[in-house]
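J.: here is the input, now give the coordinates:
(2 chains)
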Number of protein chains: 2
Amino acid sequence: MDYQLTVPVILRRAESIYGDKEITSRLPDKSIHKYTYSNFAIRTKKLAVALTALGVCPGDRVATLCSNHFQHLEAYFAIPCIGAIIHPLNTRFSPKELSYIISHAEDKVLIIDEELLHLYEMFKSDVNLKEVIVIQQFQARLPEGLLNYEEVISSGDEKQFCPFEGSEDTAAFMCYTSGTTGKSKGILYSHRSIVLHALSTLLTSSGFNITEKDIVLTIVPMFHASAWGLPYSCTLVGAAQVFPGSSMDAESLLDLLESEKVTITGGVPTVLMNILHKLDQDPDKYKLNLRTIVVGGSALPRFMLKKFSEKYGIELLNTWGMTELSPLGTTSVLSSKLKNASQEQTYDQLIKQGYPVPFLEIRGRNEQGIIPWDGVTVGELEVRGPCVAASYYKDENSKEMFTPDGWLKTGDIVCIYQDGCIEIKDRSKDVIKSGGEWISSVALENTLMEHPSILEAAVIAIPHEKWIERPLAYIVVKNGTDVSIEELKEFLAEKFPKFWIPEKFAFINEIPKTSVGKFLKLKLREKFESDNRNTTEH
Amino acid sequence: MDYQLTVPVILRRAESIYGDKEITSRLPDKSIHKYTYSNFAIRTKKLAVALTALGVCPGDRVATLCSNHFQHLEAYFAIPCIGAIIHPLNTRFSPKELSYIISHAEDKVLIIDEELLHLYEMFKSDVNLKEVIVIQQFQARLPEGLLNYEEVISSGDEKQFCPFEGSEDTAAFMCYTSGTTGKSKGILYSHRSIVLHALSTLLTSSGFNITEKDIVLTIVPMFHASAWGLPYSCTLVGAAQVFPGSSMDAESLLDLLESEKVTITGGVPTVLMNILHKLDQDPDKYKLNLRTIVVGGSALPRFMLKKFSEKYGIELLNTWGMTELSPLGTTSVLSSKLKNASQEQTYDQLIKQGYPVPFLEIRGRNEQGIIPWDGVTVGELEVRGPCVAASYYKDENSKEMFTPDGWLKTGDIVCIYQDGCIEIKDRSKDVIKSGGEWISSVALENTLMEHPSILEAAVIAIPHEKWIERPLAYIVVKNGTDVSIEELKEFLAEKFPKFWIPEKFAFINEIPKTSVGKFLKLKLREKFESDNRNTTEH
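T.: Got it, this is the predicted structure:
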């Protein structure tokens, strides 16, 4: 049967089978908004009809500038349901970046949180939007010319809803990578990619094992790689969904995890670190029902895994992905051969990035060609699969990201074990080549962050006359602690070959980070160059 | 990325990630054969190459006449991997039916178990097969002109393997419905349908929740609706697979369940009934590791569910499907709203057929049109979805099975509850209309079979002068027991309206069954007509 895998199919299923299930959102005033999937479906259809009436046509881009809440979920469905493309914008981008992206994507309409209108004010003169729809959050009078989201919804008649019935290969979602280097690049997800990604992330064997019985708090921002697909996968199986709004501090998140009896959540290590610190301040304060936290975005520190598991009984599921993959790539599930492994061996396995999700194919390549799967040889990871983007939006340099036979070059340096488990060793841009030998900045950083006095550590390559490159470690010490360079060198010498140990350490107040909490080494390299230039000049 | 969902992708994943996992088969001499997914993949590639050398081209049909074993699994993958179509034949069909089906499907090559060669001898002169390949099981000399499966495998060089890279919409699998009425009809599964079906059956939320850690015994025959897709879904996630060969008696199955530490199995109620009887004979004999039995093919009796759960700690997962659906349609998973339900309420829910799997859309229709989802109104179930067949192979009457807007008419009479849960009330062919009122033969049968003296019961409609139709119950009593018609009428009167109670009961030795264990009411109707004619004539 010719049956296309599209976003309207997910909506129809949720509406007909899970109508009574709840969607919960925290509003800016900290109060809680609840409604059912039935309400959600009706409002989504009204929004779809209203957007069509406002002139949104199939293929048009509708941008959102919103935190995680039910209206954002409505947009996630309403826009693809009329064949248009939802384009969530990163709320942490600068007005300049936002205006560049809106113009590059040719967004026609913007849906924006009232609490983010100050951002709009700063870029509005640089963009050409047909309509701006404001999700009113404070009952203030809206500026002239802007539409009220609730009035837009009211204007739509859900009986007029006529869901998209075109090809599943039609674009439905657009995302610009925040990118640790260079300009943001646009990536399109098709309806098919969204549906297949949702199915494969739901599997127990390789994914999050979400069912209708789960209550899922989506911490990872909906502007970031479609919040790892959670809004779609949760809706597909009718899981209760909880959205934190803009209250992203650890205390607010913990309150919500407790009060809503959340069973699954997911976030980047920096956010989880804050939650862990908060828990540790008063370990008996929160009665959590949490069984799994999905971790992604950057490397999972071993101690975090161990502590969540042993002290709080919460399993962490380590993942690796990229916006280009829709975004999930690998998950660190335990295979049956480890059933008799020790706890420590288990942790060793779980902090690896794990196995590819179904239909993602992987290989590694170095100067000698395709690397063997021996768990030792390192090379750049290349992938292909039905959820992998084939190009960047309106980008002439797209082709450079792909191999001649059509695999995406991920930019991640990995080794691959015999059974297909991958371990990320570095970003290709972060590799340090010292005297022809490779040094892993990630390994050095992770070990340094296990030192009791260190809060954050980032290692970059700096030029060296004899060895070409040598590592430099930037260190942030914890409040009230102190540590000497000699002590750090000794600490590293226990684990690494002598030539890996950095000669230079620099103590700073904070490691610069991207909008999603990843270390922004580009800024550290700029800082080094600028510091060095200053030193030379003066 | 244009990435087609095809069977070779499943093979590639299994080979690269799950190479060490085991596949176990029982041979005709009851001994056990084991090898790994790595061995399986190499042999499958060799077979694919050898079949190409024998002249099998893309689109050709290659039939199998085999029980469940590793060679059949190799054929399941090798044939679609060269773009050809595997066509498993029902080993319980008569030689006449087999020759009709082989000729209708235009099968080019046959792969057959040596222990089934007697069947081949009976139809060989009626079919036109280019090659016959025999899986040698007894080391006897093969008849002239037949190929030896192991020699065929040896002739293939796996390095020459060139997997199918065409469209996912290409046919990969063919199945003739055993059909309780009329001639067998051919159904084609595409690569896409196989892959999507595998994904959706694997989900915890709506499926079998199979992971790499599971050990799965495939009892349901591989010639029957692709054994519910288990050979593909298990291979996709690398579950250990166990095949019973032709030893399908309860004792052999229980031995295998115990010795292989099987965690999941599946079968039709008649097979499970045999297993339950065997267990009951000596409840402490078998130390089972079984957590779930998937049940399908016909209605699940409530007492069976209750006994497996309460006495043996094994959960039954009730399902409904059709060969036309690839075949899984619905699964009776418990929804979160039943978390505080009593044990009896839970059983009441679990014996319903449950919720549609993802992307299967359902609706019911009676004379008044589409039925409401009220759990009361009954109508014929209609379905559509990506795993639903769009026509029957070379069948001019195909169109009658579909509605004008493209939904498949299932022939099952259901009510649909408000949340989309379905309950099968009858087959449309089995409905009894007495004085304009509807009587469920299935409900009468299930209740009769709860009577302690009754082994099997089947109810058919017989003509009646006044009421047009009335029910007639065929009864098989258990060995050593006895029951009167009056007693049965009283037993039914406790549960049903007076007009539902049959006036006529007939005691017979066995209910005739289809090759997959379903009651064959067609034969009962023929029996009634013949008995009645005889009565009239003499």
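
J.: tell me how chain A divides into domains.
T.: A:7-331, A:359-428, A:431-537 (automatic domain parsing).

J.: among the ones you listed, which is the most enclosed?
T.: The highest mean neighbour count among the domains of chain A, using mean count of other Cβ atoms under 10 Å in any protein chain shown, belongs to domain A:7-331: a mean of 20. (Glycine included, C-beta is placed from N, CA and C.)

J.: for that one, the averaged confidence score.
T.: The average pLDDT within domain A:7-331 is 94.

J.: what is the end-to-end distance of it?
T.: 25 Å (Cα to Cα, to the nearest Å).

J.: does any bit of it sit next to chain B?
T.: Yes: contact check for domain A:7-331 against chain B, using Cβ under 8 Å from any Cβ of the partner chain: residues in range are A:9, A:12-13, A:16-21, A:195-196, A:199-200, A:202-206, A:209-213, A:236-238, A:240.

J.: tell me where the stretch 101-250 of chain A has helices.
T.: A:117-123, A:149-155, A:191-202, A:230-237, A:250-259 (DSSP state H, counting those that start in this stretch).

J.: in JSON lines: those, plus distance to B:T514.
T.: Formatted as JSON lines, the helices of the stretch 101-250 of chain A follow (distance: least, Cβ to Cβ, whole Å):
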{"stretch": "helix A:117-123", "distance to B:T514": "67"}
{"stretch": "helix A:149-155", "distance to B:T514": "54"}
{"stretch": "helix A:191-202", "distance to B:T514": "33"}
{"stretch": "helix A:230-237", "distance to B:T514": "34"}
{"stretch": "helix A:250-259", "distance to B:T514": "53"}
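
J.: mind checking how far A:V7 is from chain B?
T.: To chain B, A:V7 is 12 Å away according to Cβ to the nearest Cβ, to the nearest Å.

J.: which ones are touching that residue?
T.: A:F77, A:P80, A:C81, A:F164, A:A172, A:H191, A:I194, A:V195, A:Y232 (Cβ atoms under 8 Å, 6 or more residues apart in numbering or on different chains).

J.: and the fifth one, what does it touch?
T.: Translated: A:A172. Contacts of A:A172 (Cβ under 8 Å, 6+ apart): A:T6, A:V7, A:I79, A:P80, A:I85, A:I86, A:Y189, A:S190, A:H191, A:I194.

J.: next, the third one: phi, psi?
T.: Note on A:I79: backbone dihedrals following degrees, to the nearest 10 are phi -70, psi -50.

J.: just checking, it touches A:T52?
T.: No: if you go by Cβ atoms under 8 Å, A:I79 and A:T52 don't touch, sitting 10.6 Å apart.

J.: distance-wise, check A:P58 relative to A:G420.
T.: 40 Å (Cβ to Cβ, to the nearest Å).

J.: for chain B, what is the nearest residue in the stretch 401-538 of chain A?
T.: A:G420 (4.0 Å; Cβ to the nearest Cβ).

J.: ok, and the closest non-adjacent residue to that residue?
T.: Nearest-residue entry for A:G420: B:I17, 4.0 Å, with adjacent residues in sequence omitted and distances by Cβ to Cβ, 6 or more residues apart in numbering or on different chains.

J.: ok, now A:S155?
T.: In space, A:S155 is closest to A:A50, 5.0 Å off (Cβ to Cβ, 6+ apart).

J.: for that neighbour, what are its contacts?
T.: A:A50 neighbours (Cβ under 8 Å, 6+ apart): A:V152, A:I153, A:S155, A:G156.

J.: state the helix or strand in which it lies.
T.: Applying DSSP states H and E as the criterion places A:A50 in helix A:37-53.

J.: alright, calling it a day.
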